[in-house]
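Student: next input, structure requested:
(one chain, ligands or ions: 2)
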Amino acid sequence: MLYRTLQSFSKYVNKMVPEVVFVLGAPGAGKGTQCTYISKEYGFVHLSAGDLLREERQRPGSEYGEMIEEKIRNGQIVPVEVTCSLLHKAMQKSGKSRFLIDGFPRNKDNLEGWERTMSDKTKLLFVLFFECSQSMCTERCLGRGAAGSGRSDDNLDSLKKRFNTYLNDTMPIIQHYEAQGLVRKIDAEKCPDEVFEKVKEAFDEIGLKTIVC
Ligand code: C5P
Ligand code: MG
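Tutor: Ligands and ions are numbered 1, 2, ... in the order given. The predicted structure follows:
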C-alpha cells in the first residue's frame, strides 16, 4: 500500500519536472519560425535565448546592456550566468512546464552552466537541429535585415562572425548531444511548411500529442 502511494507520488512529481527541447542550428536556419509553429501545435512555451538577451539589453538600468550589445554585434556568446538566469526567470514566470529553448546551449560555457544549475531541475526530451547551408542562411539573414528586422547583427560583417562561432563553438555541443542519441536532425533548406512536417515526426516519435482546439 505504502509502496503504491510512493509510486504514484513519484509519478506525480516526475510530471511536474519541466520538459525541455533545445533548438539549435546556424543563424538563419529557421529556428524561430519553426518554434512558432511548434508552440502553436504542441503547446510548448517558446523561449529564445537571443530574444531574451535583446530584451535585457533594452531594459532601462540593465547592468549587462552594453556587454550584451557588444557580444551580439560580434557574434560572440554572452556568459551563461546572464543567459541562464534570464531563461530560468522566463520559465518560472510562464507557470508552464514544456519549453522550447531556442538558441541554447550555444557553447561549452552555456552547456556547463545549464548542467550546473538547471539540468537536474528539468528533463531534456531531445535536441532539434536545423541543418542549412551557410549560403542559404546568409541570404535569409540579409533578407531579414533588408526587410527591417532592426537587428544589429543581420549584416555581412556580423554574420561572418556568427557563423564562425556556430562552427567552432556550437557544432561541438550538437556533437555532444548526438553522441547521447538525443539529436533530431532536420533538413532546414526547404520551405517552412515542409520543414515542419519533419519536425512533427520528431515530436510524434516521442508520443507528444498536438493540442486539440
Ligand atoms: O539566436 P539568435 O540569432 O537570436 O542570437 C543572436 C545573438 O545573441 C548571438 O549571435 C549571440 O551573440 C547572442 N546569444 C548568446 N547566447 C545564446 C544565444 C544568443 O550570447 N545562448
Ligand atoms: Mg532566432
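Student: which secondary structure element is home to the residue in the chain that ligand 1 sits nearest to?
Tutor: Relative to ligand 1, the nearest point of the chain is residue 50 (2.0 Å; CB to the nearest ligand atom). Yep, even glycine has a C-beta here, placed from its N, CA and C like the rest. Assessed by DSSP states H and E, residue 50 sits inside helix 49-58.
Student: what residues does that helix touch?
Tutor: Residues outside helix 49-58 that contact it (CB atoms under 8 Å, 6 or more residues apart in numbering): 62, 64-65, 68-69, 72, 78, 82-83, 86-87, 90, 101-104, 106, 151.
Student: next one: stretch 170-183
Tutor: By CB under 8 Å, 6+ apart, stretch 170-183 touches 22, 24, 105-108, 110-111, 124, 126-127, 129.
Student: then the top strand by length along the chain to PDB, C-alphas only?
Tutor: Longest strand in the chain, counting residues (DSSP state E): strand 123-131. These are the backbone C-alpha positions of strand 123-131, laid out as PDB (Å, rounded to 0.1, in the frame of the first residue of the first chain):
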ATOM      1  CA  LYS A 123      14.100  16.900 -18.300                       C
ATOM      2  CA  LEU A 124      15.700  17.200 -21.700                       C
ATOM      3  CA  LEU A 125      13.500  15.500 -24.200                       C
ATOM      4  CA  PHE A 126      15.700  15.900 -27.300                       C
ATOM      5  CA  VAL A 127      17.600  18.500 -29.300                       C
ATOM      6  CA  LEU A 128      16.200  19.700 -32.600                       C
ATOM      7  CA  PHE A 129      19.000  20.500 -35.000                       C
ATOM      8  CA  PHE A 130      18.100  22.500 -38.100                       C
ATOM      9  CA  GLU A 131      20.700  21.900 -40.800                       C
END
